[in-house]
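S.K.: Sequence unavailable; structure follows:
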């Protein structure tokens, strides 16, 4: 619940209010979140599920335009996620990564290639030293989860088909199997484990 500012009426944050504030700011492209420093207004019952579905009060947000708008004002600070407008900042819940990488384009060959990932909300990012790919192995299930940095501390988790496509173009480098992009090599799995599989 939003707290009242001195001399102001308390206003409870709402998805419609957030959308109106962003539209009023009339930013071309991604909003300048680094220039917006509004007060924290509380948490909003918005959740991004592991599969990338956005929900409000437990119900899916089905309007793609609204999800895309909200994704453009998403910020991560100190391990927590917020939606930020020029006038308010609200906390939301993210189960894993806020974005899902649903595909990638490959240009070049092996060591000089670039991999451009596309997310489920239409963002693109070129993997490289500033936008790394990382893999996390679940210690209980041994299942891998692979992520690529999209922007400012926000990652996309690769969906299963995209991960398998990535493995298909992988190569050995030293003792590791992985992929090249933007002049950097990203380790996926030790080469000896890959051969054992």
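M.R.: Arrived safely, thanks for sending. Since this is a predicted model, take the numbers as computed values, not measurements.
S.K.: Point me to the helix or strand that includes residue 104.
M.R.: Using DSSP states H and E, residue 104 maps to strand 99-107.
S.K.: So for that strand, mean pLDDT?
M.R.: Taken as a whole, strand 99-107 has a mean pLDDT of 97.
S.K.: In that strand, which residues are buried?
M.R.: Using 16 or more other CB atoms under 10 Å as the test for burial, strand 99-107 gives 99, 100, 101, 102, 104. C-beta here means a position set from N, CA and C on the backbone, and glycine is covered the same way.
S.K.: so residue 80 makes contact with residue 91?
M.R.: Yes. Under the criterion of CB atoms under 8 Å, residue 80 makes contact with residue 91 at 6.2 Å.
S.K.: In terms of neighbours, single out the busier of those two.
M.R.: Taking other CB atoms under 10 Å, residue 80 and residue 91 do not tie; residue 91 has more neighbours (16 against 12).
S.K.: ok, the more buried one - contacts?
M.R.: Residues near residue 91 by CB atoms under 8 Å, 6 or more residues apart in numbering: 40, 42, 43, 44, 80, 81, 82.
S.K.: If we use 10 Å, what do you get?
M.R.: Listed by CB atoms under 10 Å, 6 or more residues apart in numbering, the contact set of residue 91 reads 13, 40, 41, 42, 43, 44, 46, 77, 80, 81, 82, 83.
S.K.: Which secondary structure elements does the strand or helix carrying residue 162 sit against?
M.R.: Assessed by DSSP H and E, residue 162 sits inside helix 160-168. If you count contacts as 3 or more CB pairs under 10 Å, 6 or more residues apart in numbering; DSSP states H and E, helix 160-168 packs onto strand 99-107, strand 114-119, strand 133-137, strand 144-151, strand 154-158, strand 176-181, strand 184-190.
S.K.: got a markdown table for these, with distance to residue 64 too?
M.R.: Output for the helices and strands packed on helix 160-168, formatted as a markdown table (distance: least, CB to CB, whole Å):
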| stretch | distance to residue 64 |
| --- | --- |
| strand 99-107 | 13 |
| strand 114-119 | 12 |
| strand 133-137 | 26 |
| strand 144-151 | 18 |
| strand 154-158 | 17 |
| strand 176-181 | 28 |
| strand 184-190 | 30 |
